[in-house]
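Undergrad: Model the structure of this input:
(chains A and B)
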2 protein chains.
Amino acid sequence: MKSLKIFCPATIANISCGFDVLGVALDAVGDEMIIRKVKEKGIRITKLEGQDLPMETLKNVAGVAGLALLAECDYEGGFEIEIHKKIKAGSGIGSSAASSTGAVWAMNKLLGEPFSTTELVKFAMEGERLASGVAHADNVAPALFGGFTLVRSYEPLDIIPINSPSKLYATVIHPQIEVKTSDSRKILKTKISLKDGIKQWGNVGGLIAGLYTEDYELIGRSLVDHIVEPIRSILIPAFDEVKSTSLKAGALGCGISGSGPSIFAFSKGEGIALKVAQAMKDVYQNIGIDYDVHVSKVNIDGIREIKS
Amino acid sequence: MKSLKIFCPATIANISCGFDVLGVALDAVGDEMIIRKVKEKGIRITKLEGQDLPMETLKNVAGVAGLALLAECDYEGGFEIEIHKKIKAGSGIGSSAASSTGAVWAMNKLLGEPFSTTELVKFAMEGERLASGVAHADNVAPALFGGFTLVRSYEPLDIIPINSPSKLYATVIHPQIEVKTSDSRKILKTKISLKDGIKQWGNVGGLIAGLYTEDYELIGRSLVDHIVEPIRSILIPAFDEVKSTSLKAGALGCGISGSGPSIFAFSKGEGIALKVAQAMKDVYQNIGIDYDVHVSKVNIDGIREIKS
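TA: Residues are numbered from 1 along each chain as shown, chains lettered A, B, ... in the order given. Next up is the predicted model:
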């Protein structure tokens, strides 16, 4: 095997209560990449379509993640990477994570799988460090493991794949404004009240329990964020209205996807998820903001090979 | 049915990462109570053995919890309560919760079960308010529901029963020193760092996932408390040594039971739990502190009727 063509899923990180620890992979939106094993050492980005992003290896998240992998193995050759971006950079649905994880997942396959999935997460996190200044794992983990994932701990890195209820659908709307992950981190407070912390870990516990027991109502009740959403939602136009109309349309819960500006909602069944999409669209149409909308079931496999 | 004799289990609250939200019911230690339906209005504590506690209805946690229930129903009569304490007050394994929950559970039975279990939790919380100044639910919920429970939210009160792995055993040692719940609350900080919060809800997520998947190693890795244990453990003699020898003896994890001074450890299987008990005892024997030790499987039923 000399080359692989792959689908790299978009991901929703944080998921309301699970700031920095929870994420989920989507099915309906993702990048395509082609990774070729070549004799020449190092990593080269040979094509980058769909987004205006740097192609220099050290400035590209796939390049940096790939180099992190290469540094840990004996392979004497290198890789060429083609990236066909379908996920918009800065949209808050794991654009950088898709590229970083795609690179290391395919390279690992082409090398005979010397690395565990958790090791691949570590390499991909270097791409995240380049993109946002913080090597967070909440997008790269679901892209690599599929489904819902929990980053239980960063030191040591401990990723827990969580059960994904089969009827759970995500609706994601991306208002076409830019919020940089690094900016949206800066406005967070470094201290929180113990009281809010207790509420937050109560909801994380409830969400995990709901995912295992496939209790959709409990999942909905647990999609509450007392800490980050009240601050970050200020950066997203009409967030409160999108949220309230989504819930009115039948969504189980609604929150900021990653660091925004995308907003996600979970619904039981595709029918409700489509209604939620319409409700979200109406809000931005009314105020004249362009948007993309995705309706997707949970992608339980994560990155996958596709036919050339 | 005019009277009930019941077993009211001891409980471990907080469970390391789950401060104020997690709890579990024990099997090997608990109070006995007899509750009689009588014509005379109100609640009377007619006997109280085993501990030196007030018998006046308004100063007794069972009395106060019982009155909270009576205030919500049409019943014209009253109840007599006998309490045979086996759980030492102030030990940190839910002594007050056992009495409060026992009263309301039996009264509800004797009245034909007009109230849901979550409603009973609310009544029993009034007993906790009397005992510690805070109407917390993390001990009363597992006593009433059995097994592990999560208090997802206080407003509205939302109790989630969590799966209890069948091989999970608790070892609890109670060093004979007094730590008042109200005192051990006072020393807590009202602010925590966002960083510690993230670690804490990562561990709560891991613990809940471990309980559902019966992954004992994951349960162990998640029994970490970055917020409360570092502060409260200072009040408990030789806490660090008890913890380290418990882990060396094979415990999955170890922490403060409730607000202490009891220390709990979880183990996979009774054999290891007994070894952990011996290791804990040795520590207190060496430094000359009296103790009680309990080894118990998880009590998945909670309060139960026993033969008169």
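Undergrad: and the stretch 1-150 of chain A, which of its residues are near chain B?
TA: Within reach of chain B by CB under 8 Å from any CB of the partner chain, the stretch 1-150 of chain A has these residues: A:17, A:18, A:19, A:20, A:21, A:22, A:150. C-beta here means a position set from N, CA and C on the backbone, and glycine is covered the same way.
Undergrad: go with 10 Å
TA: A:17, A:18, A:19, A:20, A:21, A:22, A:148, A:150 (CB under 10 Å from any CB of the partner chain).
Undergrad: ok, so of these, who is nearest residue B:258?
TA: residue A:17 (24.4 Å; CB to CB).
Undergrad: returning to what we had before: give me the subset of the residues of the stretch 1-150 of chain A next to chain B that lies in strands.
TA: With strands taken from DSSP state E, the overlap with the residues of the stretch 1-150 of chain A next to chain B comprises A:22, A:148, A:150.
Undergrad: Just give me the longest helix of chain A.
TA: Identified as the longest helix of chain A according to DSSP state H is helix A:194-213.
Undergrad: so what's the residue lying closest to residue A:145 once chain neighbours are set aside up against?
TA: For residue A:145, the nearest residue in space outside its immediate sequence neighbours is residue A:161; the separation is 4.8 Å by CB to CB, 6 or more residues apart in numbering or on different chains. Taking CB atoms under 10 Å, 6 or more residues apart in numbering or on different chains, we find residue A:161 in contact with A:117, A:141-142, A:144-150, A:300, A:302, B:209, B:213.
Undergrad: Could you dump the residues you listed into TSV with distance to residue A:287, pLDDT and neighbour count added?
TA: Rendered in TSV, the data for the contacts of residue A:161 read as follows (distance: CB to CB, whole Å; pLDDT from 0 to 100; neighbours: other CB atoms under 10 Å in any protein chain shown):
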residue	distance to residue A:287	pLDDT	neighbour count
A:117	42	98	18
A:141	35	98	34
A:142	31	98	37
A:144	37	98	31
A:145	37	98	25
A:146	36	98	22
A:147	34	98	20
A:148	32	98	27
A:149	34	98	31
A:150	36	98	32
A:300	36	97	17
A:302	35	98	23
B:209	40	98	25
B:213	45	98	17
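Undergrad: with those in mind, which one is nearest to residue B:243?
TA: Using CB to CB, residue B:209 is the member of the contacts of residue A:161 that sits closest to residue B:243, with 23.2 Å.
Undergrad: and the residue of the stretch 51-200 of chain A nearest chain B?
TA: The shortest separation between the stretch 51-200 of chain A and chain B is 3.7 Å, found at residue A:152 (distances taken as CB to the nearest CB).
Undergrad: correct me, but that residue touches residue B:203?
TA: Yes: with contacts defined as CB atoms under 10 Å, residue A:152 counts as touching residue B:203 at a distance of 6.4 Å.
Undergrad: any common contacting residues for these two?
TA: Common neighbours of residue A:152 and residue B:203 (CB under 10 Å, 6+ apart) are A:21, A:158, B:17, B:221, B:222, B:224.
Undergrad: Narrow these to those in helices?
TA: Counting by DSSP H, the part of those found in helices is B:221, B:222.
Undergrad: Buried subset of the shared contacts of residue A:152 and residue B:203, written for PyMOL?
TA: Applying 16 or more other CB atoms under 10 Å in any protein chain shown to the shared contacts of residue A:152 and residue B:203 leaves a buried subset, and the PyMOL line that selects it is:
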select buried, (chain A and resi 21+158) or (chain B and resi 17+221+222+224)
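Undergrad: Just checking: what are the partner strands of the host helix or strand of residue A:12?
TA: Assignment of secondary structure by DSSP states H and E places residue A:12 within strand A:3-13. In the sheet, strand A:3-13 lines up against strand A:22-38 (antiparallel), strand A:304-305 (antiparallel) (DSSP bridges).
Undergrad: Give the next helix or strand downstream of the first one.
TA: Translated: strand A:22-38. The helix or strand immediately downstream of strand A:22-38 is strand A:42-49, counting by DSSP H and E.
Undergrad: and that following strand with strand A:22-38, angle?
TA: 110 degrees (axes from the mean of the first three to the mean of the last three CA atoms, to 10 degrees).
Undergrad: Now strand A:42-49: buried residues?
TA: Taking 16+ other CB under 10 Å as the neighbour-count basis, strand A:42-49 is seen to contain the buried residues A:43, A:44, A:45, A:48.
Undergrad: Going by distance to chain B, which of those residues wins?
TA: Distance ranking of the buried residues of strand A:42-49 against chain B, using CB to the nearest CB, places residue A:43 first at 31.5 Å.
Undergrad: ok, that closest one - contacts?
TA: For residue A:43, the set of contacting residues under the criterion of CB under 10 Å, 6+ apart consists of A:35, A:57-58, A:60, A:62-67, A:69-70, A:78-81, A:103, A:107.
Undergrad: any idea how far the closest residue to residue A:278 other than its chain neighbours is from chain B?
TA: Closest residue in space to residue A:278, ignoring its immediate chain neighbours: residue A:249 at 7.3 Å, by CB to CB, 6+ apart. Distance, residue A:249 to chain B, by CB to the nearest CB, to the nearest Å: 23 Å.
Undergrad: Same check on residue A:25?
TA: With distances defined as CB to the nearest CB, the gap from residue A:25 to chain B amounts to 17 Å.
Undergrad: repeat for residue A:241
TA: From residue A:241 across to chain B, the span is 25 Å (CB to the nearest CB).
Undergrad: Now for that residue: which residues touch it?
TA: A:279, A:280, A:282, A:283, A:284, A:286, A:287.
Undergrad: where's it, which helix or strand?
TA: Taking DSSP H and E as the criterion, residue A:241 maps to helix A:239-248.
Undergrad: burial measure for the nearest residue to residue A:49 once chain neighbours are set aside, as a count.
TA: Nearest residue to residue A:49, sequence neighbours excluded (CB to CB, 6+ apart): residue A:84, at 5.0 Å. With neighbours defined by other CB atoms under 10 Å in any protein chain shown, the count for residue A:84 comes to 15.
Undergrad: Next up, phi/psi of the residue nearest to residue A:278, please.
TA: Dihedral angles phi and psi of residue A:249 (degrees, to the nearest 10) take the values phi -80, psi 0.
Undergrad: Is there a neighbour count for residue A:86? I'd like the number.
TA: A total of 16 residues lie near residue A:86 under the criterion other CB under 10 Å.
Undergrad: same thing with residue A:74?
TA: For residue A:74, the tally of surrounding residues (other CB under 10 Å) stands at 7.
Undergrad: Help me confirm that residue A:264 is found in a strand?
TA: Yes: inclusion of residue A:264 in a strand is indicated when DSSP: H, G, I helix; E, B strand; the rest coil is applied.
Undergrad: how near is it to residue A:95?
TA: According to CB to CB, to the nearest Å, residue A:264 and residue A:95 sit 15 Å apart.
Undergrad: for residue A:102, same thing?
TA: Relative to residue A:95, residue A:102 is positioned 11 Å away (criterion: CB to CB).
Undergrad: Could I get the phi/psi values of the nearest residue to residue A:63 once chain neighbours are set aside?
TA: If you skip the residues right next to it in sequence, residue A:63 has residue A:57 as its closest partner in space, 3.5 Å away by CB to CB, 6+ apart. For residue A:57, the backbone dihedrals (degrees, to the nearest 10) come out as phi -50, psi -50.
Undergrad: Touching, residue A:57 and residue A:81? I think so.
TA: Yes: in this structure, residue A:57 sits in contact with residue A:81. The criterion is CB under 10 Å, and the distance is 8.9 Å.
Undergrad: Could you pull out the residues contacting both of these two?
TA: Here residue A:57 and residue A:81 have A:43, A:44, A:45, A:63, A:66 as joint contacts, going by CB under 10 Å, 6+ apart.
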